[in-house]
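S.K.: Curious how this folds, go ahead:
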Amino acid sequence: MLTSKSLLNIVKLGGVRDIYRYVTTSWVPVGAAFNAVQHKSLDLREKNVGLFGVPELTSPGGFEVAQDRALAETRCLVERACCGPPGPQTVQAFDQLSDSLCRVADLAEFIKVAHPDSAFRQAAEKTCVNIGTAVEKLNTNVDLCKSLKNLLDNEEVLATLDPETRRVAELFMFDFEISGIHLDKEKRKKAVGLNVRLLDLNNEFLIGSHLPNKIEKRAIPDHIHRHFTSDGGYVQIGGLHADCPDDLVREAAYKIFLYPSAALLQCLEELLSCRNELAQLVGYQSFAHRALKGTMAKTPENVMQFLTLLTQRLSERTAKDFEMMTEMKTKLNPRNAELMPWDHPYLSGVIRAERYNIEPSLYSPFLSLGACMEGLDGLLSGLFGVSLQPQLPQAGEVWSADVRKLAVMHEEEGLLGYIYCDFFQRPNKPHQDCHFTIRGGRRTESGEYQLPVVVLLLSLPPPSRGAPPLLTPSMLENLFHEMGHALHSMLGRTRYQHVTGTRCATDFAEVPSILMEYFATDFRVVSQFARHYQTGQPMPESMVARLSESKKICGAADTQLQVFYSALDQIYHSKSLDRSTMDVLQEVQQKFYGLPYVPNTAWQLRFSHLIGYGAKYYSYLMSRAVASMVWKQCFAQDPFNRVMGERYRREMLAHGGGMEPLLMVQGMLQKRLSLEDFVDALVSDLNLDFETFIMDSES
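M.R.: Numbering: from 1, shown residues only. This is a model prediction of the structure:
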């Protein structure tokens with residue numbers, strides 16, 4: 001998962017002493033750093049350097065100091081941008097302005113969700129609000145906008161700009177336009193009002209989408225009460241319980257958790273109406289047209305064509321998948337064999353486990369975290385000449401004692417940036433895997449490169465005195481996925497931080513992370529690091545093959561479910577709705593899914609991605625298609641191919657969002673692409689390896 005986008009759109013250093021307890025003595029430094037238990041004693045003589053080495057952030061009060069400094073810098077940069085003649089220096093001033101604010105806001109955005117100390121979280125939250133308010137003012141600063149418009153309207157000066165500088169200037173202008181700054185006074189006032197209202201509606205919907213529903217205990221059978229949280233005479237249901245083997249539990253959870261709230265329905269319909277009104281006010285046909293500007297898909301019409309074509313190509317396979325699930329349900333519960341939406345996730349998992357024996361506990365002993373990090377280190381070395389080198393954080397630099405710091409080193413270029421790895425579970429830590437940009441890379445005024453800093457947040461089991469952290473296959477895949485986002489930041493070398501790394505079109509931003517998932521399930525890669533943490537025995541090739549092939553079982557139905565979600569999101573945002581979101585849900589589910597709509601359920605009210613990914617949920621499918629094409633054409637023959645690795649960096653990773661995404665992909669693949677190419681890639685990914693399938697079906 002990708003977070004923390006721009007708001008404008010072992011080195012011993014003294015102090016903390018570490019004693020690592022090794023499970024085995026064979027680990028290289030990066031493996032040892034992640035497989036070891038750290039015992040720390042504080043050296044009071046060591047100076048607190050502040051979070052991420054920012055000297056002001058030795059205490060919660062430092063956020064206000066850092067914020068005030070950034071705002072003071074902003075005032076000077078606004079004056080510089082407004083007073084100078086139009087030219088590349090105008091774009092540089094805008095980017096420096098963005099960098100000054102983002103370096104405080106992005107850091108605060110992370111700390112407010114991840115720091116274990118509530119005082120730090122609260123201070124960071126306050127800073128986020130204050131910087132956000134400043135950004136809103138900048139986005140409606142007429143003089144600032146005029147200086148950029150003077151540049152973009154000057155054909156003579158524009159012709160002298162390099163493509164990246166011109167693109168960044170246009171992206172900054174887009175930020176102004178969506179705030180309505182080009183409108184007359186009355187319309188601009190209306191746009192500001194709609195933006196303010198949308199902030200409230202977004203927050204209201206996001207909170208409401210995660211609230212549990214409750215029902216009187218007597219309304220459901222006594223024997224399933226224990227699966228839910230008791231609340232006096234009621235039970236609370238806060239999720240779908242999709243993995244529960246009891247059909248009745250899944251059915252009850254589905255019907256109760258998805259029961260519509262009148263207030264939340266009204267909130268969603270007002271939210272969609274406000275988005276559409278704002279988009280049309282600032283000059284777009286719909287919110288989707290506005291959201292898709294600059295993406296690979298380009299228009300909502302293209303997205304719907306992609307989803308419709310994919311549905312057609314998957315239809316026979318999806319029907320066969322549903323037949324398999326129905327057969328399995330009949331086998332498990334002959335008295336109630338009708339396949340329903342609450343059965344899909346559970347039964348597809350049962351079928352995979354039965355056919356391929358992919359019990360996670362069989363895999364985990366081969367996948368210690370240290371071994372997996374060694375595997376990543378070896379892969380990156382082979383592809384890019386890059387190594388991951390553990391560094392000991394200084395006092396106050398990290399927010400939790402179990403955070404590991406990695407320096408990303410290139411064999412010729414030297415230090416590329418830093419990755420802070422917050423991998424282990426702890427109380428009150430968010431249970432989600434994601435990537436945060438803390439500082440974006442950019443070329444500074446002195447000609448030096450501002451090194452990127454990112455955080456990878458995972459929820460892995462911590463090491464113990466008896467065993468290192470042991471990962472399940474899905475944890476391994478998530479680790480590689482998030483490292484793909486980090487690589488995008490580390491290997492990018494953009495002139496402007498506004499387009500650094502993952503600050504790019506959503507349907508392109510997920511490509512590097514999804515591509516890494518292909519490496520995580522390739523035996524030639526996995527065999528380099530997967531070994532039993534006690535015996536040293538390598539993971540058998542058949543285990544990796546089973547894991548890889550198991551994902552294709554029921555894969556068409558799983559993909560079709562994502563198509564349904566994407567189509568619903570797209571239709572909600574492509575025009576002004578002339579009927580309720582419930583009516584649209586029923587119609588789209590019938591056309592794009594295949595399992596029946598359940599009366600009095602409102603799945604759209606639990607679709608929290610409508611906030612962060614409004615009109616762009618399709619991005620996961622399109623990014624997966626691109627990753628599939630890149631894998632098959634460039635790495636399937638040799639996953640350690642250095643020539644292809646260098647091309648991948650040069651054509652795709654290096655540019656961040658500074659180049660049109662489709663051009664980057666076509667440069668990598670060296671051919672023009674059609675929507676059919678994207679669909680072909682997704683469909684071909686579902687083809688089973690027949691020999692593996694037969695072998696494992698018989699075994």
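
S.K.: which SS class is Thr437?
M.R.: Under DSSP: H, G, I helix; E, B strand; the rest coil, the three-state class of Thr437 is strand.

S.K.: ok, so what distance separates it from Arg218?
M.R.: Counting by Cβ to Cβ, to the nearest Å, the separation of Thr437 from Arg218 is 51 Å. Backbone N, C-alpha and C define where each C-beta goes, glycine included.

S.K.: out of those two, which sits in the busier spot?
M.R.: Comparing Thr437 with Arg218 by neighbour count (other Cβ atoms under 10 Å), the higher total belongs to Thr437, at 30 against 9.

S.K.: pretty sure that one is touching His498, no?
M.R.: No: the pair Thr437 / His498 is not scored as a contact, 11.7 Å apart, by Cβ atoms under 8 Å.

S.K.: quick one, longest strand in this protein?
M.R.: strand 414-424 (DSSP state E).

S.K.: Can you give me the pLDDT of the closest residue to Tyr420 other than its chain neighbours?
M.R.: Closest residue to Tyr420 apart from its sequence neighbours, by Cβ to Cβ, 6 or more residues apart in numbering: Val455 at 4.6 Å. pLDDT for Val455: 98.

S.K.: which residues pair with Val455 across the strands?
M.R.: Note on Val455: beta-bridge partners Tyr420, Phe436, judged by DSSP bridges.

S.K.: Hmm, it is touching Ile438, no?
M.R.: Yes: judged on Cβ under 8 Å, Val455 makes contact with Ile438 at a distance of 6.0 Å.

S.K.: burial of Ala337, as a residue count?
M.R.: There are 14 residues near Ala337, going by other Cβ under 10 Å.

S.K.: Does it touch Thr330 like I think?
M.R.: Yes: contact criterion Cβ under 8 Å: Ala337 and Thr330 qualify, at 4.0 Å.

S.K.: thinking again about what came up before, can you point out the buried residues in the longest strand of the chain?
M.R.: 416-424 (16 or more other Cβ atoms under 10 Å).

S.K.: do the same with stretch 673-686
M.R.: 673, 675, 678-683, 685-686.

S.K.: Show me where the stretch 351-500 of the chain has its strands.
M.R.: Secondary structure of the stretch 351-500 of the chain (DSSP state E, counting those that start in this stretch): strands at 386-391, 404-410, 414-424, 434-439, 442-443, 449-450, 453-460.

S.K.: of those strands, which approaches Gln604 most closely?
M.R.: Between Gln604 and these, the shortest gap by Cβ to Cβ is with strand 434-439, which sits at 23.6 Å.

S.K.: Restrict that closest one to CA atoms and write it as PDB.
M.R.: Extracted C-alpha coordinates of strand 434-439, given in PDB (Å, rounded to 0.1, in the frame of the first residue of the first chain):
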ATOM      1  CA  CYS A 434       2.600   0.700   3.800                       C
ATOM      2  CA  HIS A 435       5.400   3.000   2.500                       C
ATOM      3  CA  PHE A 436       5.800   6.500   3.800                       C
ATOM      4  CA  THR A 437       7.900   9.200   2.100                       C
ATOM      5  CA  ILE A 438       9.600  11.200   4.800                       C
ATOM      6  CA  ARG A 439      11.900  13.300   2.500                       C
END
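
S.K.: between that strand and strand 414-424, how many degrees?
M.R.: Orientation of strand 434-439 against strand 414-424 (axes from the mean of the first three to the mean of the last three Cα atoms, to 10 degrees) gives an angle of 140 degrees.

S.K.: could I have the longest strand of the chain exported to PDB, CA atoms only?
M.R.: What follows is strand 414-424, C-alpha atoms only, in PDB (Å, rounded to 0.1, in the frame of the first residue of the first chain):
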ATOM      1  CA  GLY A 414      27.600   5.700  -3.400                       C
ATOM      2  CA  LEU A 415      24.800   6.500  -0.900                       C
ATOM      3  CA  LEU A 416      21.300   6.600  -2.600                       C
ATOM      4  CA  GLY A 417      19.100   7.200   0.500                       C
ATOM      5  CA  TYR A 418      17.800   5.700   3.700                       C
ATOM      6  CA  ILE A 419      15.100   3.200   4.600                       C
ATOM      7  CA  TYR A 420      13.700   2.900   8.100                       C
ATOM      8  CA  CYS A 421      12.200  -0.500   8.700                       C
ATOM      9  CA  ASP A 422       9.400  -0.500  11.300                       C
ATOM     10  CA  PHE A 423       8.500  -4.100  10.800                       C
ATOM     11  CA  PHE A 424       7.400  -5.600  14.100                       C
END
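
S.K.: picking up where we left off before, enumerate every residue touching the residue nearest to Tyr420.
M.R.: 110, 114, 419-422, 435-436, 438 (Cβ atoms under 8 Å, 6 or more residues apart in numbering).

S.K.: This completes my enquiry, with thanks.
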